[in-house]
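Peer 1: Fold the following and give me the result.
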Amino acid sequence: QVQLVESGGGLVQAGGSLRLSCSASGRTFTSYAMGWFRQAPGKEREFVTAINWRGGNTDYADSVKGRFTISRDNAKNTVYLQMNNLKPEDTAVYYCAARQTYMTPRGGYNYWGQGTQVTVSS
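Peer 2: Take a look at the predicted model:
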């Protein structure tokens, strides 16, 4: 079992930055790939980015490539999402997710956090 808790959401102006954090419980954090997803009002949840267990491989949705950076600190059981040059279309609830795999998947995640709201004003 893995429990995930996100933090760091908020309101920011377009062009600004935010850093989200996701703290994970459990003793086997290093065997999990971690991902960030988001869901805007009236839309389906979508993949944003993922990182493999060691942190050496990452994957990004085209919409955030070059603006968002995912990283992890296995000593702290924490994964981060640095979001720069935010746009109003980035407004959504952001979810952290975990999947026990050594790959860097875009789906099939088993564990989810409760989400944190990110609002970008124009």
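
Peer 1: how near is the residue nearest to Leu86 when sequence neighbours are not counted to Gln39?
Peer 2: The shortest distance from Leu86 to any non-neighbouring residue, by C-beta to C-beta, 6 or more residues apart in numbering, is to Val120 (4.6 Å). Quick note: C-beta positions are derived from backbone N, CA and C, even for glycine. Distance, Val120 to Gln39, using C-beta to C-beta, to the nearest Å: 15 Å.

Peer 1: So these two - more neighbours on which side?
Peer 2: Val120 (20 against 14; other C-beta atoms under 10 Å).

Peer 1: Tell me the spacing between Lys43 and Thr116.
Peer 2: In terms of C-beta to C-beta, Lys43 sits 17 Å off from Thr116.

Peer 1: likewise Leu86?
Peer 2: 14 Å.

Peer 1: Could I get the contacting residues of the residue most central in space within the chain?
Peer 2: When C-alpha atoms, centre = their mean is applied to the chain, the residue found nearest the centroid is Trp36 (2.5 Å). Counting by C-beta atoms under 8 Å, 6 or more residues apart in numbering, Trp36 touches Leu20, Cys22, Val48, Thr49, Ala50, Ile70, Val79, Leu81, Tyr94, Tyr95, Cys96, Ala97.
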